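A.B. asks: only geometry, no sequence info:
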């Protein structure tokens, strides 16, 4: 009986000293944190890329509107909102018509407006156009963030730019 007891104790000591499989356990403990960090880095990069793409599109749309709008627009009262459908295409698409925005990013609306500023300028009134775009970013890794208590599947923001009307 004593020999059986010693064999069991020896096997338990050997089992206690065995370290095979510890790397797998450690990897299993670290993997969720690594995935979360990876998701945050990817989403942050996508968000910055999307935002900069929309900012560049809105800036180009404001410059375009400032060039095609007549210089005497404050006197004639022509509405600049007639260009909104053209401007949304400029912000969303490349020259060949393909989308420049990454997947999960949508420009939900574009609004153009005109401000006629009076002052001591060469002209009595200076027209200034404003183009603003509403942007919605949907995160593909939103499920990862819900694992740690986050619940922000979409982000909505607005981007605006102004330009003085030079017109024709």
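C.D. replies: Yes, it's here. Given the structure is predicted, the values throughout are model-derived calculations rather than measurements.
A.B. asks: The helix or strand hosting residue 131: how far from the chain's middle?
C.D. replies: According to DSSP states H and E, residue 131 maps onto strand 125-138. Its chain's C-alpha centre and that of strand 125-138 lie 17 Å apart, by Cα atoms, centre = their mean, to the nearest Å.
A.B. asks: Packing partners of it?
C.D. replies: helix 22-68, helix 73-76, helix 84-92, strand 105-118, strand 154-164 (3 or more Cβ pairs under 8 Å, 6 or more residues apart in numbering; DSSP states H and E). The C-beta positions use only the backbone N, C-alpha and C, and glycine is treated the same way.
A.B. asks: Just want the angle from that strand to helix 84-92.
C.D. replies: 60 degrees (axes from the mean of the first three to the mean of the last three Cα atoms, to 10 degrees).
A.B. asks: where in this structure is pLDDT low?
C.D. replies: Within the chain, the stretches with pLDDT under 70 are 1, 121-123, 141-148, 150-152, 168.
A.B. asks: Centre-most residue in it?
C.D. replies: For the chain, residue 47 is the residue whose C-alpha lies nearest the centre (Cα atoms, centre = their mean; 2.9 Å).
A.B. asks: For residue 124, give me its contacts.
C.D. replies: residue 118 (Cβ atoms under 8 Å, 6 or more residues apart in numbering).
A.B. asks: any idea how far it is from residue 66?
C.D. replies: In this view, residue 124 and residue 66 are 19 Å apart by Cβ to Cβ, to the nearest Å.
A.B. asks: again with residue 26
C.D. replies: Look at residue 26 and residue 66: by Cβ to Cβ, they are 60 Å apart.
A.B. asks: Neighbour count for the two, which is higher?
C.D. replies: Higher neighbour count among residue 26 and residue 66: residue 66, with 19 against 10, using other Cβ atoms under 10 Å.
A.B. asks: just checking, that one touches residue 167?
C.D. replies: Yes. Assessed by Cβ atoms under 8 Å, residue 66 is found in contact with residue 167 at 7.4 Å.
A.B. asks: Report the buried residues of the strand holding residue 131.
C.D. replies: Buried positions in strand 125-138, judged by neighbour count with 16 or more other Cβ atoms under 10 Å: 127, 128, 129, 130, 131, 132, 133, 135, 137.
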